[in-house]
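A.B. asks: What would the 3D arrangement of this be:
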Amino acid sequence: MTPQHICRFRQPVVALAGVLALAVSGCARTSAAPADAAAADGGKVTVACGATEEWCAAMAAGFTAATGVKAEFVRLSSGEALARIQAGKADAEFDVWHGGPADGYAAAADQGLLEAYVSPNAAAIPDRYKEPKGTWTGVYVGVLGFCANTEVLKEKGVAVPASWQGLLDQGLAKNVGIAHPSTSGTAYTAVWTQVLLNGGSEDGALAYMKKLHPNVLQYSKSGAAPAQQVARGEVGVGVVFSHDCVATREQGFPHLEVSFPAEGTGYEVGGVALVKGAHNPVSAKKYIDWALTPEAQEIGPTVKSYQAPTNPGAKKSDKTVDLAAVKLVEYDSVVAGAAKSALTRRFDSEVAQAPKE
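C.D. replies: Numbering: from 1, shown residues only. As a prediction, this is how the structure comes out:
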């Protein structure tokens, strides 16, 4: 096992992590926990990581470079991370959960799976991006939008969608990519956005998703996967966080275009949290402290992750969406998290079953 991570694509990510470790060495401000205390708890940290593989590797490398503490990660979608943390309740598999929408963290907190920890660095994070008791703290903001393949849509004679209603166009039959809300925080953000746009009605949200269903080619496990489907021309439009579309476009797909629904759209607050029963709590708190610093939050754009940082002191990439320029719904991660389990079960039974392994 390498010091940086546990993942599927081992060698390429190790190389990337090593380069980034050199790039960010010595930059971050972290807590001053004594070295012998970190050694007593193993002197390492294991992270359930909910962002892209590259982002997770960069964060693990950056933390190790800044602190000397060994970091390993497993890349998981939001639903998978929650399931793994639930399964490890008696013997925690992870010390920290990092990345992925905060409604998943709120659901985990409701189940007693997270330990409250108010990092001294959390004082810099705006209140709307953190849970007051410290069960989770926000590290980035991503806005839900549409990722369109303009070449595919031109062939079909369909305009780039500019509204949720436009996504129901019959010309998009089997041409929309979206993940399943049981496994993906991105997709759950889309469903909860419909709840808010329907005046708080879960019935209204599911009614919309039923109308959308004939246009969906398939429900993926990962929220970022539809951007790749769009890039390959498998579908004309994907419902994704906009930064995933921008990152995919930079992989050599200039015909991808981002748009945002006029009715309003939801957003994620990517979180970081201490897992209850963590085997390495001192190192875990060090990791959380570091993740909230400007230096840590500036790593994302170096690996094409263009979420907006939550720390006001962090520099934003010019490829990061301007939050003030998009109509956002009043998304409350705590309320969304409390409803997640029941609402995703309803989606599974009333709209479509979750994808199998």
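A.B. asks: C-alpha only now, for contacts and for neighbours.
C.D. replies: Noted.
A.B. asks: Do a quick rundown of the strands in the protein.
C.D. replies: Residue ranges of the strands in the chain, as given by DSSP state E, are 44-49, 70-75, 96-101, 114-115, 137-149, 176-179, 216-220, 237-241, 256-259, 267-275, 308-309.
A.B. asks: between these, which one is nearest to residue 81?
C.D. replies: Comparison of those against residue 81 by Cα to Cα identifies strand 44-49 as nearest, at 6.3 Å.
A.B. asks: How far does that closest one sit from its chain's centre?
C.D. replies: Centroid separation for strand 44-49 versus its chain: 16 Å, with Cα atoms, centre = their mean, to the nearest Å.
A.B. asks: May I see the strands of the chain arranged in CSV, with distance to residue 290 as well?
C.D. replies: What follows is the strands of the chain, written out as CSV (distance: least, Cα to Cα, whole Å):
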stretch, distance to residue 290
strand 44-49, 13
strand 70-75, 12
strand 96-101, 12
strand 114-115, 17
strand 137-149, 10
strand 176-179, 31
strand 216-220, 32
strand 237-241, 25
strand 256-259, 32
strand 267-275, 11
strand 308-309, 14
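A.B. asks: With mean pLDDT, mean neighbour count and distance to residue 339 added, can I get those strands in CSV?
C.D. replies: Below are the strands of the chain laid out as CSV (pLDDT from 0 to 100; neighbours: other Cα atoms under 10 Å; distance: least, Cα to Cα, whole Å):
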stretch, mean pLDDT, mean neighbour count, distance to residue 339
strand 44-49, 98, 27, 22
strand 70-75, 98, 23, 25
strand 96-101, 96, 29, 14
strand 114-115, 98, 22, 18
strand 137-149, 98, 28, 19
strand 176-179, 98, 28, 18
strand 216-220, 96, 20, 21
strand 237-241, 98, 29, 21
strand 256-259, 98, 20, 28
strand 267-275, 97, 28, 16
strand 308-309, 98, 28, 26
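A.B. asks: and residue 315, which of these is closest to it?
C.D. replies: Comparing these by Cα to Cα, strand 308-309 comes nearest, at 7.9 Å.
A.B. asks: which helices and strands sit right next to that closest one?
C.D. replies: The contact analysis (3 or more Cα pairs under 8 Å, 6 or more residues apart in numbering; DSSP states H and E) places strand 308-309 against strand 137-149.
A.B. asks: Determine the set of other helices and strands touching the strand it packs on.
C.D. replies: If you count contacts as 3+ Cα pairs under 8 Å, 6+ apart, strand 137-149 packs onto helix 185-197, helix 225-231, strand 237-241, helix 242-249, strand 256-259, strand 267-275, strand 308-309.
A.B. asks: To residue 351, which of the ones you listed lies closest?
C.D. replies: Among the helices and strands packed on strand 137-149, helix 185-197 sits nearest to residue 351 (Cα to Cα), with 11.4 Å.
A.B. asks: what is the rounded mean pLDDT of that closest one?
C.D. replies: The average pLDDT for helix 185-197 rounds to 97.
A.B. asks: Tell me which residues are up against that helix.
C.D. replies: Applying Cα atoms under 8 Å, 6 or more residues apart in numbering, the contact partners of helix 185-197 are 77-79, 100-101, 103-104, 144, 178-182, 201-206, 208-209, 223-224, 239-241, 263-268, 329-331, 336, 340, 344.
A.B. asks: Same check on stretch 350-357?
C.D. replies: The contact list for stretch 350-357 (Cα under 8 Å, 6+ apart) reads 180-183, 206, 209-210, 213, 219-221, 347-348.
A.B. asks: swap in stretch 236-256?
C.D. replies: Under Cα under 8 Å, 6+ apart, the answer for stretch 236-256 is 142-153, 172, 175-178, 186-187, 190, 223-224, 226-231, 257-258, 267, 304-307, 319-321.
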